[in-house]
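Q: Pasting a predicted model and its sequence here:
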Amino acid sequence: MTDIKLLWKEATYSALKSLAASSGLNESIGDIESLVAEYPPKPELGDIGFPLFGYAKLLRKSPVAIAIEVEKLLLARGEELLRYGRPKAVGPYLNIFLDRVSIVGDILARGAKKNWNASQPFESRRVMVEFSCPNTNKPLHLGHLRNNVLGESLSRILKAAGAQVKKVNLINDRGIHICKSMLAYQVYGGGRSPEDEGLKSDHFVGKYYVLFNQLKKENPKAEEKAQELLRLWESGDPETLSLWKKMNHWAVEGIKTTYARQGVDFDDYYFESLTYTRGKQEVLDGLARGVFYRDLDGSVWVDLEDVGLDKKVLLRKDGTSIYITQDIGTAIQRSKDWPFDELVYVVASEQHYHFRALFEILNRLGYSWSKNLFHLAYGLVNLPSGRMKTREGTVVDADDLIDELTALAKKEIEAKGRDSLVGDPTVVAERVALGALHYYLLQTSPTKDMLYDPEQSLSFTGNTGPYIQYMGARACSILRKGKETGLSQDSLDESSISAAAKVLDNGSDWPLIRCLASFSSALEGAARVKEPSIMAAYAHELAAEFSAWYRDNPVLSNPDPALSAGRLRLVNAVKSTFEQVCELLCIPFLEVM
RNA sequence: GCGUUCGUAGCUCAGCUGGAUAGAGCGACGGACUUCGAAUCCGUAGGUCGCAGGUUCGAUUCCUGUCGGACGCACCA
C-alpha cells in the first residue's frame, strides 16, 4: 500500500512539473515533499487525494483547472501506470482510485499468519527505551501502570516498525527514602517476613514506608536517624547492607510479579546502587575542559542560562554526585554498552526541565548523540477527587486495581451466563481487566494529564479495550462456525487468493478492506511520533468498521458460496490484524470472552 | 516572577508534517435480540475548537498577545 501511494505521488508530482514546464514557467514548484497525499473523507471520492491549492499561484491557474490537466496527463501515460489505479479530478483535488483487487489480495495474504507486516520504516534503527524505574520502598501505583504500558507498547510499536529495541529499567534502590522504610522495619518489623504477615513482598515493604510517618510522630529524631542509616549504607556497614539487601529483594520481587501480571518485561535492569557514582568522573573531565566551573565552596556547576535554563549543581561541595550527575553517567555508559540511534526516556512530565538540562549538558560534553535523546513525557493520572497523594492515602495501588477490575469482569461474565463457555472465567476476567486498563491508559495522548475515573474504566461498554477484544472474539467465532460448515478455504497460494480477491471487489466489502490496508500508516505514524494513542485510535476504528461490516454483510448465511469463502478469508485477515494490534497495545487477545 | 505544557459537545477524549461537512465514547431521548455471540448495532439532540489579533488561497492545527488549569525553576530523586 505504501509503495503504491508513493508511486502515485511521484506520478502526480512529475505531471505537475511538466505542467509548469509547458506553461513556460521556470519557477520551481517545490520538492516532492510539498505535495501532500491524504485520504479522502469518503471512499466514493477515491483512495488517495492530492490537494492542489498550493500550485494555483505558481501555475497561475485555479486548482480545479490544474486537477483536470493533471488527470489528463496521467491518463495519457497508459497501462504502464493505469494498471495501478485510475486518477480523477474532484474539484480542487486530484484523487486516485486504486486497483482494489491487488489491495484485497495483499490483505487476504495476511491470512492467519503472525508476521505479515511488510512495512518497516524504522528498519535497522536501534532504539533504547527506558521506562518504569520504580523506587524500592513501595509497590507500584496507577501512575506506574501508565508508565509501564506506555513504554512496553511504544517498544512493541517500534519493533513492529522494524527497529531494534532494547527495553531497560533503572531501579531506584538507594537513597533516603529507602532508608526510611528500613528504619521503620527495624523499629516495628520484629524480624518478620512478608510470609509471616501474609503480604505480597513489595506491599510488605511499602507498609513500613508508611509506618515511618508514625515513627516520626513518636520520635522527633526519626529523620536524623534515617540520614544516619544512609551514611552507614554508604560506608558499607555490613548490618545495614544486609537489611537493605533483604528489603530490596522483597520489593523488587514483588514489583516483578506485577510486571509479569501486566505483561511487561525488560531486556536489562540497571540498579542505581551500582551506577550512582558514575558520572562523577565525566563531570570532573568536563570541569578540566572548562565546560563546567567550580564554586568557591568547592561545588561544581554548569551555567545553562544562555539556553533559557538555570545554573545547575553537578557535584556537591563534598564531591558527591546528585541525581543529574548519575543520569549523565548512565547515559554515557549506555551509549557504550549498546550504541543507539535513539534513547527514549519514558518519565513523567514533572521532570521535563531535568531532561532538558541533562540533554544540554551531554551536548556540551561533546556527545553528538545527545540530539538523539528523547523525553517521552506523560501527564499525571488524576482521580475525580483530585491528585493522588501518598500522605492522604489516595494512591491507587496497581495490584489492588487489577484485582478490582478482574472481579468486576468476572461478575460481568457470570451475569451474561458465559462462565461455562469461556474456559476458566477467572483467567479470562483478568485478561479482560488488563485490556480495559491498558486501552484506557493508552487512548489518551501521553503529554496530557488524564482523569482516571474508576467507574468509567470499570464499565466495559463503548470506546474501550473489551470492545476491541469482543470484536476479535466475534471474528474468531465466525471463523469457528466457518470451519464447521466447510466453507473456509485457507490456502494461501496466489491463484486462490486472487480469485477470492475478485469476489471481494465490490462496494460493500471495501470500507473494511480500506481500513485493514491503513494499518501500516497507523503503525508508521505511531512509531514516528512515539504515541501509542494513534494505534489505539486505529484499533477502535477497525473494531467499529468490522462491527458495521458483519452486520450488513452475511458471511456464512450467504447464498453465494464463493462470496462466503472470500469473506471468511477476509475475517481471517481481520482476526490476524486484531491480534497484531492487540499485541501492540498490550491488550490480551481472546478467542472467546 | 520566569519556563514548559494543556484548553475541542454536559462529561472523558480523538483530530497525524496546515486542506474536502471538526469525530468517538459516556450521559440524555427513541428504536433493534425466532437472524454468523445484544460486552453489540441504528437514529435524534448537543460545538463561536478558551479569547483577540496575525501569516495563508485555506488555521482546531503555525506565530504573537491574553485569560484559565497543571507541572517545573533544590548541594531531593
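A: Now that the structure is in, tell me what you want to look at. Numbers count the residues shown, from 1 in each chain, chains lettered A, B, ... in the order given.
Q: A:Asn147 versus the residue nearest in space to the middle of chain A, what's the distance?
A: Centroid-nearest residue in chain A, with CA atoms, centre = their mean: A:Leu154, separated by 2.9 Å. A:Leu154 is 11 Å from A:Asn147, where distance means CB to CB, to the nearest Å. No exception for glycine: its C-beta is placed from N, CA and C like everyone else's.
Q: ok, now A:Gln443?
A: A:Gln443 is 16 Å from A:Asn147, by CB to CB.
Q: does the residue nearest to A:Leu487 when sequence neighbours are not counted count as helix, strand or coil?
A: Counting by CB to CB, 6 or more residues apart in numbering, A:Ser564 is the residue found nearest to A:Leu487 once chain neighbours are left out, at 4.9 Å. Secondary structure, DSSP: H, G, I helix; E, B strand; the rest coil: A:Ser564 is helix.
Q: which helices and strands does the host helix or strand of A:Gln227 pack with?
A: Following DSSP states H and E, one finds A:Gln227 within helix A:222-234. Using 3 or more CB pairs under 8 Å, 6 or more residues apart in numbering; DSSP states H and E as the contact test, the elements touching helix A:222-234 are helix A:176-184, helix A:201-218, helix A:238-262.
Q: Contact residues of the stretch 351-500 of chain A facing RNA strand B?
A: Residues of the stretch 351-500 of chain A found near RNA strand B (CB under 7 Å from any atom of the strand) are A:351-354, A:379-380, A:387, A:409, A:412-413, A:416, A:418, A:422, A:428, A:432, A:443-445, A:447-451, A:453, A:456, A:459-464, A:466-467, A:470, A:473-474, A:476-478, A:481.
Q: Need the buried ones from those residues selected in ChimeraX.
A: To isolate the buried members of these in ChimeraX, using 16 or more other CB atoms under 10 Å:
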select /A:354,379,380,409,412,413,422,428,432,443,444,445,450,460,464,466,467,470,473,474,476,478
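Q: how about the residue of chain A positioned farthest from its centre, what does it touch?
A: The centre of chain A is farthest from one residue, A:Gly24, which by CA atoms, centre = their mean lies 49.9 Å away. Not one residue lies near A:Gly24 by CB atoms under 8 Å, 6 or more residues apart in numbering.
Q: Three-state assignment for it, please.
A: Secondary structure of A:Gly24, per three-state DSSP, is coil.
Q: try A:Lys114
A: Going by three-state DSSP: A:Lys114 is coil.
Q: just A:Leu542 next, same as before
A: helix.
Q: give the contact list for it.
A: Contacts of A:Leu542 were listed using CB under 8 Å, 6+ apart, and they are A:471, A:515-516, A:519, A:574, A:577-578, A:581.
Q: cool, and A:Leu158?
A: Counted by CB under 8 Å, 6+ apart, A:Leu158 has contacts A:122, A:125, A:127, A:129, A:165, A:527.
Q: try 7 Å
A: Applying CB atoms under 7 Å, 6 or more residues apart in numbering to A:Leu158 gives the contacts A:122, A:127, A:165, A:527.
Q: A:Val422 too?
A: A:Val422 touches A:413, A:428, A:592-593, counting by CB under 7 Å, 6+ apart.
Q: Quick check: the two most widely separated of the residues you listed?
A: A:Ile413 and A:Val592 (10.4 Å; CB to CB).
Q: would the residue nearest to the centre of chain A count as being in a helix?
A: Yes - A:Leu154 sits within a helix when classified using three-state DSSP.
Q: so it touches A:Arg528, yeah?
A: No - with contact defined as CB atoms under 7 Å, A:Leu154 does not count as touching A:Arg528 (11.6 Å).
Q: Just give me how far stretch A:488-499 sits from the chain centre.
A: 34 Å (CA atoms, centre = their mean, to the nearest Å).
Q: repeat for stretch A:70-82
A: Offset of stretch A:70-82 from its chain centre (CA atoms, centre = their mean): 41 Å.
Q: on that earlier part again, mind checking how far the residue farthest from the centre of chain A is from A:Leu59?
A: Where A:Leu59 is concerned, A:Gly24 sits at a distance of 11 Å (CB to CB).
Q: Likewise for A:His354?
A: A:His354 is 51 Å from A:Leu59, by CB to CB.
Q: A:Lys72: what's it in contact with?
A: A:Lys72 touches nothing, counting by CB under 7 Å, 6+ apart.
Q: And the helices in the stretch 51-200 of chain A?
A: Counting by DSSP state H, counting those that start in this stretch, the stretch 51-200 of chain A has helices at residues A:55-59, A:63-75, A:79-82, A:100-108, A:142-160, A:176-184, A:194-197.
Q: The helix holding A:Gln227 vs RNA strand B: in contact?
A: No - Helix A:222-234 does not reach RNA strand B (CB under 7 Å from any atom of the strand); its nearest approach is 9.7 Å.
Q: Report the buried residues of that helix.
A: A:222, A:225-226, A:229-230, A:232-233.
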